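Enquirer: Provide a 3D model corresponding to the input given below.
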Amino acid sequence: MTQIADNQAFLMAYHRLGVLNLAQRLDNVQEACRLSGTTRTTFYYWKKRYEEFGIQGLVNRPPIHKTHPKKKTEAEERRVVALALENPDFGANRLSDCLTDRGHTIANDTVQDILARNGMGTRLERIRLLEADCRGSYAELSATQVTLIEQTNPTFRERLWESSRPGERIAHDIIHLGAVPGIGLVYMHAVVDTFGAFAFALLYRDRKPQWPVEVLYEHVLPFYCVRNLEVGTIVTDKASEFAGSQKTMYQVYLANHEIAHYSPPGRRPPQNGFIDAFRIAFMTEFLHIDRQGREFDSLSALQVALDIWLENYNRNRPILGYRNYGKTPWEMLCSIV
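Expert: From the prediction side, this is the model:
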């Protein structure tokens, strides 16, 4: 087969030589090209190759090797990955410029290929990978890296107050859902365990001071009591239902059950990271997806739909990043209980 291919290549070369000889005999390049069906650009290319290399110059050159010109060494690829983790908010263009400043010229499209090949093609993927890569060594992160991780994963804000078991530290907040069509004004009591993000969610029409106590008495504390788990501390904001100049019903209830109550200092402390993450999941997954095109004629009907979503959230939905790192809240709970 190789010999046949070589013969065909030389036959093609002699055909091209014939076109060159024809132009010499006619003393007319244009006419020779017209008769042979060749363009003048191609004719002069053949002529130049023949003058330089003889008959070998008219033979088709072998194809370019399959090694891609953009392929980089492992060291160069590691350099790109390390720089991307160091600056996860930098895109391919900016990373390429930084590498050039450091004496390593790599084109931006090559940088993007390397990032995509290492699962770092998007800004979110790079931040997630940075968070997983620095697991347990958060002190090594820069202020910019910490800010980026906290923006994508609010629970990372609570890394300084880690829980060692379920029930040790629980966050409780009231989320205003606004006016729901067919029902009216709705508030949601969200209670999230900071050990593994296991959550409770109850809906009410108003903000009476007894509702937070009811949530704990009827739902949260029995759940932990059945599993022989003590509730250590409950974290809330400074809403009037939770705290005030005088002891609230909520504070009295916690004191009677020997549960510590903590409210972050300051007039407007940041929302608990676990509550914030749960609120985002609830808004994006339940309100905007599960309820899409559905209407509810009562608060109880909406609560039933919420309970179904919450069951899936707790048992089947892996939570990426701190502190579940791909486990579901139920798996985190079962790892201790």
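
Enquirer: Going by C-alpha atoms from here, please, whenever you check contacts or count neighbours.
Expert: Fine.

Enquirer: So residue 258: helix, strand or coil?
Expert: coil (DSSP: H, G, I helix; E, B strand; the rest coil).

Enquirer: for residue 152, what are its contacts?
Expert: 124, 127 (Cα atoms under 8 Å, 6 or more residues apart in numbering).

Enquirer: Contact partners for residue 253?
Expert: Neighbouring residues of residue 253 by Cα under 8 Å, 6+ apart: residue 213.

Enquirer: any idea which element it lies in?
Expert: Assigned by DSSP states H and E, residue 253 belongs to helix 249-256.

Enquirer: Beyond that helix, next helix or strand please.
Expert: Following helix 249-256 toward the C-terminus (DSSP H and E): strand 260-262.

Enquirer: who touches that following strand?
Expert: 232, 233, 234, 235, 236, 251, 254.

Enquirer: And the helices in the stretch 201-337 of the chain?
Expert: Shown for the stretch 201-337 of the chain, the helices assigned by DSSP state H, counting those that start in this stretch span residues 210-215, 221-226, 249-256, 273-281, 299-315, 329-334.

Enquirer: what's the spacing between residue 75 and residue 229?
Expert: Distance of residue 75 to residue 229, given as Cα to Cα, to the nearest Å: 51 Å.

Enquirer: Residue 174 touches residue 200, doesn't it?
Expert: No: counting by Cα atoms under 8 Å, residue 174 stays clear of residue 200, with 11.8 Å between them.

Enquirer: what touches both of these two?
Expert: Listed as contacting both residue 174 and residue 200 by Cα under 8 Å, 6+ apart are 189, 190.

Enquirer: How far does stretch 61-75 stretch from one end to the other?
Expert: 33 Å.

Enquirer: same question, stretch 177-196
Expert: Using Cα to Cα, one end of stretch 177-196 lies 24 Å from the other.

Enquirer: for it, the distance to its chain's centre please.
Expert: 26 Å (Cα atoms, centre = their mean, to the nearest Å).

Enquirer: Now that stretch: average pLDDT?
Expert: Averaging pLDDT along stretch 177-196 gives 93.

Enquirer: buried sites along it?
Expert: The neighbour-count check on stretch 177-196 (16 or more other Cα atoms under 10 Å) flags 183, 186, 187, 188, 189, 190, 191, 192, 193, 194, 195, 196 as buried.

Enquirer: Tell me how far the nearest residue to residue 191 once chain neighbours are set aside lies from residue 140.
Expert: Among residues not flanking residue 191 along the chain, residue 172 sits closest, at 4.4 Å (Cα to Cα, 6 or more residues apart in numbering). As for residue 172, its distance to residue 140 is 31 Å (criterion: Cα to Cα).

Enquirer: same check, this time on residue 270
Expert: 24 Å.

Enquirer: With residue 86 instead?
Expert: Distance, residue 86 to residue 140, by Cα to Cα: 11 Å.

Enquirer: Please, where are all the strands along the stretch 151-300 of the chain?
Expert: Applying DSSP state E, counting those that start in this stretch to the stretch 151-300 of the chain gives strands spanning 169-180, 184-193, 199-204, 233-235, 260-262.

Enquirer: Let me have the ones you listed in TSV, extended by distance to residue 123.
Expert: Formatted as TSV, these follow (distance: least, Cα to Cα, whole Å):
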stretch	distance to residue 123
strand 169-180	29
strand 184-193	28
strand 199-204	28
strand 233-235	32
strand 260-262	35
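
Enquirer: Indicate which one of the ones you listed is closest to residue 325.
Expert: Using Cα to Cα as the measure, strand 184-193 is the one of these that comes nearest residue 325, at 15.6 Å.

Enquirer: Which strands and helices lie in contact with that closest one?
Expert: The contact analysis (3 or more Cα pairs under 8 Å, 6 or more residues apart in numbering; DSSP states H and E) places strand 184-193 against strand 169-180, strand 199-204, helix 273-281.

Enquirer: Of those, which is nearest residue 35?
Expert: That would be helix 273-281 among the helices and strands packed on strand 184-193, by Cα to Cα, at 73.4 Å.

Enquirer: and the angle from that closest one to strand 199-204?
Expert: Between helix 273-281 and strand 199-204, the angle comes out at 60 degrees (axes from the mean of the first three to the mean of the last three Cα atoms, to 10 degrees).

Enquirer: helices or strands up against helix 273-281?
Expert: Applying 3+ Cα pairs under 8 Å, 6+ apart, one finds that helix 273-281 contacts strand 169-180, strand 184-193.

Enquirer: Can you give the distance of that helix from its chain's centre?
Expert: Offset of helix 273-281 from its chain centre (Cα atoms, centre = their mean): 16 Å.

Enquirer: tell me which residues in that helix are buried?
Expert: 273, 274, 275, 276, 277, 278.

Enquirer: Looking at those residues, which is nearest residue 19?
Expert: Of all the buried residues of helix 273-281, residue 19 sits closest to residue 277, with 75.3 Å by Cα to Cα.
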